[in-house]
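S.K.: The sequence and its predicted three-dimensional model are supplied below.
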Amino acid sequence: MSNRLYVGNLSFRTTLDSLKVAFEPHGEVTDVHIVMDRETGQSRGFGFVTMGANDAATRAIEGMNGSMLDGRPLRVNEAAERRNSGGR
């Protein structure tokens, strides 16, 4: 299992700090990224959290999937590997 988690259904109000704090009870958080729209600068509603260990990632999926953050139920699962974007 990868330590990198996909986090979907984020509120536009969710910040990097609030996302990190939400995941920290499940283990060490080594990286947090919220995907932003290039044109508007607004959140696209999803991001990625990297946990420090596999067991922490498993606990985070179990504990955070469906939990509420900023008024929205999160969708949390293992992040898929990046595909080559064809030179984009």
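M.R.: It's in.
S.K.: Show me what counts as buried in the longest helix anywhere in the chain.
M.R.: Among the elements of the chain assigned as helix by DSSP state H, the one spanning the most residues is helix 54-64. Within helix 54-64, the residues scored as buried using 16 or more other CB atoms under 10 Å are 56, 57, 58, 59, 60, 61, 64. From N, CA and C alone the C-beta is placed, and that goes for glycine too.
S.K.: Distance-wise, check residue 52 relative to residue 4.
M.R.: Residue 52 sits 11 Å away from residue 4, going by CB to CB, to the nearest Å.
S.K.: higher neighbour count, those two?
M.R.: Neighbours of residue 52 and residue 4, each counted by other CB atoms under 10 Å, are more numerous for residue 4; the result is 18 against 13.
S.K.: re the thing from before, reformat the buried residues of helix 54-64 as JSON lines; add pLDDT and distance to residue 74.
M.R.: What follows is those, written out as JSON lines (pLDDT from 0 to 100; distance: CB to CB, whole Å):
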{"residue": "56", "pLDDT": "97", "distance to residue 74": "16"}
{"residue": "57", "pLDDT": "97", "distance to residue 74": "15"}
{"residue": "58", "pLDDT": "97", "distance to residue 74": "16"}
{"residue": "59", "pLDDT": "97", "distance to residue 74": "14"}
{"residue": "60", "pLDDT": "98", "distance to residue 74": "10"}
{"residue": "61", "pLDDT": "97", "distance to residue 74": "10"}
{"residue": "64", "pLDDT": "98", "distance to residue 74": "6"}
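S.K.: Kindly reformat the residues you listed as a markdown table containing distance to residue 20.
M.R.: Compiled in a markdown table, the buried residues of helix 54-64 are given as follows (distance: CB to CB, whole Å):
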| residue | distance to residue 20 |
| --- | --- |
| 56 | 13 |
| 57 | 14 |
| 58 | 18 |
| 59 | 15 |
| 60 | 11 |
| 61 | 16 |
| 64 | 12 |
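S.K.: Out of those residues, flag the one nearest to residue 21.
M.R.: Of all the buried residues of helix 54-64, the one sitting nearest residue 21 is residue 64; the distance, using CB to CB, is 11.9 Å.
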